[in-house]
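Participant: quick one, structure for this:
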Amino acid sequence: MRSAPIFQPALGSFRSVSLDQVCGDGLNFAAQYPVDEYVASLANGAARLELWTNLPVSQNSSESTSRPVAWNAYPLLPVRAALDRATGYSFAARVQCLPAASEGVFNFTYRIVHLDGQIDWLGSPSTDGRIRLPSSDTFPPAIRQLVLPHRGTRLELSAFQEHDHSVELATLTPGRSASATSLSFDIDASDVQSGLVIERTKSTWCTSRRFQSLHEVSPDFAAGLLVLELNKAAAGEVLVLMPVFDDTVLPPRFVRSSSSNNKATFQIEVASPHVQVKVALALGASTQLESTIKACRSHAARLLRTCGYEPLGLPWSAAKALDVEAPLAASIDVVSADTKIYSEPECVDISFYSDSTAVEGTITTQGMEDSQLLSTDDTQSISDSDDASTIHEDRTILADSPPGSGQPKAGLGFCTWEAMQNHERRPYLSEVVAALEAAEKRTGPGFITSLLIDDGWQDVLHAQDHRGRLSSFDMDPTMLDVGDAVHPQDGSQPVLVSYVGYIRDRFPSIRSVGCWMTLAGYWDGINPDGSIASSLSSPLRSMCIQDPYRHADRKWWVPATELDMHLFWDKAFHSLRSSGIDYVKIDAQAEWEWAQAPTEPLTKGSNAIMPGGGKLGKAMFEAMEGAAARYFGSGGVIHSMAFTPALTNTARTLHGQGMTIRCTDDFFPNIPDAHRHHLAHNVYNALLLPEHVCDADMLAHCHIEAASRQDFTGYHASFRAFTDAKLWVSDRADAPTSASMRALAAPAKLSCQSERVRVQEKGHLLSNAAFEDLIGDGAGPALKLGVWHETTKSATLGLWNLRGAGASTFDALNVGQLLQMPEQRVAVRSFRSGKIWLLSGQFSEENSGLLGTTLEAGSWEVLTVAPVQMVPSTGVGVAMLGSKMHFMTPEGISLVTISASSSMDDGLKKRRSSVSRRPSHQRRHSTRSVSTCDDSASETSLIAQSATDRLVPEVPSDSRAVLLSLAVINGFFALMQGAVTGATGSPRAVAGRPRPKIKRGRVDVVDTMLGLIDQLQTLVVFGVLILASWTFILPTERKGGAAKSWLPWRNSQGSDQRVDDNELKRVRLSPHDAVTTLKRCLTSRTMAPLREMPVAITEPKLTPASPRPPSSRRTSRQSSSDVVFSCLVDAATTIGFLVLCEGKDKIKECTIDRIRYDCTATPWISISPVDLEEGSESWSDKHSAWRVDVDMEAWTEHQDVTYVQTIAAPVRVALRIAATV
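Facilitator: Take a look at the predicted model:
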């Protein structure tokens, strides 16, 4: 029995396609057959697979533009390149329609035509697929045509335009009537062919899904985002709808209320006319989906720029008296909030609550990882005398890290939750240490830089009638179960201090430690009989939490007033910060929305809420955010169990950016069907928060892999590489080693050994795949995320099978479209198998630019797509394949170039080798130390003088002037900086008297002056280098005692000037090498690197050509030339190159930082033959494929320690390949 094929588009499907696509790129039709003898004969031409359709396909330029009345056949040719030939054979065809094709619905089916003329139809008339083409005369739809408001609802078009007028914005608001209780409107369902919705299906989470019809939108679950793919526009467009509201009450429910005929009615219930409820709308191109959603959120943020509310239970005068922004000590820097000052009659000062909810403008907040890098050594101890401002005599230690960007820092984080082996998953110190030691053995020492202490560490009172209540801010003493952990028995030191200190001493690479809490303190609040409750200003408040999704009733004890909320979080974070904690994870935030009156039951969808309950939840959140910003820096919070409209659709996220937010439910490693849904929800939910960092939760080894033969560990690890949040792992001590987990371990930077290179980048859905059905039960397309690397002009493509019922995926990928370089061939490398394909950069009739990809259930793949760069006259091609050990290294490689260079003669080689550094094996390995004795200055001057003496005779005279100019400039500005620092130095302390404090303003002035001097020095040096790099002759001299000059535009006669050394030389100084050398001089505080300044003689003295007989001119002669492929590398990892040349012996040498190495005799360079996979394009009959791997980590180990320490910029790596012209 023949296996069932997979078709794209499928039989029986219906879709609307824009004219821009069908007349431009064309329509793609593809099929995939599992392997059997019949399909093999079909691929070899024994039969022909055809597309049978009545589409108005353009055959040639002279054909009529009228609509055809007959059906035509178009062959689907085999796709020669396949990810795995064992999975089947692929066939594909592309058809382009006539530009003036008339509007209509067209049909298509598939058939097989045998050599004897027999036809096997693969469908029936009832299962034909249908494609709708809109009219070319159709004007783009407007929002007023698509959204029809009901009576009492107003539609207001926005005068503010986004993205060069490419996005239309509008707002739906309730009517002006004071009795308006709802906001409703209609949308014609026939205008929509598919869509995406993010809806609240769980108590503390929202989930996402794709729908085919507008009638499929749920009438029960509230939507936080609705994206509609329109089908009647000549150019594909999407309509984005997003409800926005105040977060002081239970979030209003935005649902589909009814459907009649082709109309779908949507409604939002308004609890009160004074509550702001609006719907932001944005209409944009479907190819710019993420930009359109971002424009909609920006518009929504402007709609909520209103005043705040009066603090509940705290009068305005008390709010002003409680100045939480005042500095607590003169030696502590305050992390200030960028807020707009409002007049008191209009609204309250929102900086009292949080620095992330400003109502005017956008605040650039600091990423969580920036605050995590704070070490305990940087934390300043505070004495009682330094306490200048307190809250109920409780001191505050402010974060001393400056605000930074929201980009994640490289390095793995370790979470304790899945790593613990006890039943309660409590983070006992012994188990945490064992898990960390095992993790470092699997990934390598130093790769784990952060630790998150998850649930179970706190001092909690447990009982049968509740889930636990927080008693104190210290750690449970039973967690400290390691014998050699130092902890005073008298209780003078918190347990958490001993716990964190032991971790930091045992694992020096862990630079930040965080801990877990809930927004209520613990799952059911605070222990009313504990020490926390007694330290507040008023008794705790009892709240009833009635969860309609879990059908659970709980009783919470929480602070009664906003003053106590601020006191609670100030005390909590003060205790944590003084114990060495650098960031926090706040869980269970959305449960505050279910705070109800104790005697009133909650019905599903009801807005009943206890008086002040919603305001208490908002105040608790803002008190926590404000305290976290003061102690940990902005962004020092991981928001968990909070992805609901109360967070995503309110000012909490609309008026800020850079927050780290968990956007999906927990990671469940041992539930097979949870893996595909986890990935799908992460991709689509992240669309709702483009300006924030969406966390995909921790990653752990999946123990169900042995039974299912599916690599779910790699499934999730590869996906994490396409996210922008910090990478978290949580494996037990007995977990096996995984290559995919090892690929997330960031390598060290060559330019700064203490930092690491990122191995991740936020992936984006391909423009033509955003609305594909990814999680259906049958066969279909895979999830495809792409990352474009501007520095290398390459791309990384990830594929995951999210299909249900064990179905496989199939895609015919035009990988060249990712690079937008149709004129170049591309190299494609598989991360899992290491296979390499050479494909055309553009689609051809032979499908030479396509790659068939089929993934089995639970499978995944990551492809590196790189252009093959070549010098046309040589036929040599080279492609940068990137890191061999990682999915990607976005910052590890840059400035990829290729050029032709004449072969160097022996004399020139000898001269260059005479002024080059000695090989590393001839130098003594040493370490650098800094002396503090009085003779250090004279010793340094002697070293500099000796280096200068050697500099003059060794450096060619043509570049001597430039080098000495750089040294003089460097010395001059160093004197200026020393003068400024000395003139403004702090006065010395007198014995018996306290050291006078330096005014903050004076320090700011000094810093500003030093910064200006540094910038001026950079500009001057840059100008000198540019002048030197543009100068043809350096320097020239004039007769008659005239001064020397290295200005090429100086007027002079040819007989009046001559070059130094009496030789015609054209000296070029590479600006990059000169800047790198200067940085090394500043880092090492010596002029020794100046001796290695590279001087390129681009035009050596030419030898007159001897006359040749006339016959020799007609004889064709081959000349040798070298091709140099170079790049800048800043990652201590193995870098791979694909080289297409005549043989292995043609790969002559590899130059690393101006030192040449023999590729065949160097241990950290390997050359291996590559068998290009089936379906690859042929390069040349004389050329073969070779893979060159350069291990930069091994290279650094073979270098002098002092030299490695002075590397201050990426290292240039160049391959020299011999070629025949």
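
Participant: pLDDT below threshold where in the stretch 801-950 of the chain?
Facilitator: Low-confidence segments of the stretch 801-950 of the chain (pLDDT under 70): 843, 845, 902-950.

Participant: can you give me the strands for it?
Facilitator: 809-814, 826-830, 836-839, 850-855, 860-867, 869-870, 877-883, 893-901 (DSSP state E, counting those that start in this stretch).

Participant: and these as CSV, adding mean neighbour count and distance to Thr292?
Facilitator: C-beta here means a position set from N, CA and C on the backbone, and glycine is covered the same way. What follows is those, written out as CSV (neighbours: other Cβ atoms under 10 Å; distance: least, Cβ to Cβ, whole Å):
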stretch, mean neighbour count, distance to Thr292
strand 809-814, 24, 24
strand 826-830, 24, 30
strand 836-839, 24, 32
strand 850-855, 26, 29
strand 860-867, 24, 27
strand 869-870, 20, 35
strand 877-883, 25, 32
strand 893-901, 16, 31
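
Participant: Leu115: which of those strands is closest?
Facilitator: strand 850-855 (24.5 Å; Cβ to Cβ).

Participant: what angle separates that closest one from strand 860-867?
Facilitator: Strand 850-855 runs at 160 degrees relative to strand 860-867, counting by axes from the mean of the first three to the mean of the last three Cα atoms, to 10 degrees.

Participant: show me what strand 850-855 packs onto, helices and strands only.
Facilitator: strand 77-79, strand 89-95, strand 794-800, strand 809-814, strand 836-839 (3 or more Cβ pairs under 8 Å, 6 or more residues apart in numbering; DSSP states H and E).

Participant: can I get those strands in JSON lines with distance to Pro56?
Facilitator: JSON lines is the format used below for the helices and strands packed on strand 850-855 (distance: least, Cβ to Cβ, whole Å):
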{"stretch": "strand 77-79", "distance to Pro56": "22"}
{"stretch": "strand 89-95", "distance to Pro56": "10"}
{"stretch": "strand 794-800", "distance to Pro56": "33"}
{"stretch": "strand 809-814", "distance to Pro56": "23"}
{"stretch": "strand 836-839", "distance to Pro56": "30"}
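
Participant: can you add distance to Leu1128 and give the strands of the stretch 801-950 of the chain back as CSV?
Facilitator: Below are the strands of the stretch 801-950 of the chain laid out as CSV (distance: least, Cβ to Cβ, whole Å):
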stretch, distance to Leu1128
strand 809-814, 30
strand 826-830, 20
strand 836-839, 23
strand 850-855, 29
strand 860-867, 16
strand 869-870, 15
strand 877-883, 11
strand 893-901, 5
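
Participant: do you know which of those strands lies nearest Leu461?
Facilitator: Proximity to Leu461 (Cβ to Cβ) singles out strand 860-867 among those, at 44.8 Å.

Participant: strands paired with the closest one, and their directions?
Facilitator: strand 794-800 (antiparallel), strand 826-830 (antiparallel) (DSSP bridges).

Participant: now these as TSV including distance to Val238?
Facilitator: Shown next, in TSV, are the strands paired with strand 860-867 (distance: least, Cβ to Cβ, whole Å):
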stretch	distance to Val238
strand 794-800	23
strand 826-830	30
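
Participant: how is the chain carved up into domains?
Facilitator: Following automatic domain parsing, one finds the domains of the chain at 6-133, 143-303, 368-376+396-519+563-588+618-742, 764-869, 956-982+1002-1094.

Participant: mind putting those domains into JSON lines with distance to Met888?
Facilitator: What follows is those, written out as JSON lines (distance: least, Cβ to Cβ, whole Å):
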{"stretch": "domain 6-133", "distance to Met888": "18"}
{"stretch": "domain 143-303", "distance to Met888": "20"}
{"stretch": "domain 368-376+396-519+563-588+618-742", "distance to Met888": "6"}
{"stretch": "domain 764-869", "distance to Met888": "5"}
{"stretch": "domain 956-982+1002-1094", "distance to Met888": "24"}
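
Participant: between those, which gets nearest to Val1170?
Facilitator: Closest approach to Val1170 among the domains of the chain is made by domain 764-869 (5.7 Å; Cβ to Cβ).

Participant: off-centre distance for that closest one?
Facilitator: 19 Å (Cα atoms, centre = their mean, to the nearest Å).

Participant: try stretch 217-230
Facilitator: With Cα atoms, centre = their mean, you get 28 Å for stretch 217-230.

Participant: list the buried ones in that stretch?
Facilitator: By 16 or more other Cβ atoms under 10 Å, the buried positions in stretch 217-230 come out as 217, 221-230.

Participant: before we move on, what about stretch 1165-1180?
Facilitator: By 16+ other Cβ under 10 Å, the buried positions in stretch 1165-1180 come out as 1165, 1167, 1170, 1172-1173, 1175-1177, 1179.

Participant: can you check stretch 492-508 too?
Facilitator: Under 16+ other Cβ under 10 Å, the buried positions of stretch 492-508 are 494-504, 506-507.

Participant: and of those residues, the nearest to Gly852?
Facilitator: Among the buried residues of stretch 492-508, and counting by Cβ to Cβ, the member closest to Gly852 is Phe507, at 46.1 Å.

Participant: related to what we said a few turns ago, and the buried residues of stretch 1165-1180 as TSV, adding pLDDT?
Facilitator: Output for the buried residues of stretch 1165-1180, formatted as TSV (pLDDT from 0 to 100):
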residue	pLDDT
Ile1165	97
Ile1167	97
Val1170	96
Leu1172	95
Glu1173	94
Gly1175	90
Ser1176	92
Glu1177	89
Trp1179	86
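
Participant: any idea how far Lys571 lies from Val495?
Facilitator: Per Cβ to Cβ, to the nearest Å, Lys571 is found 17 Å from Val495.

Participant: my bad, Val244
Facilitator: For Val244, the distance to Val495 (Cβ to Cβ) stands at 45 Å.
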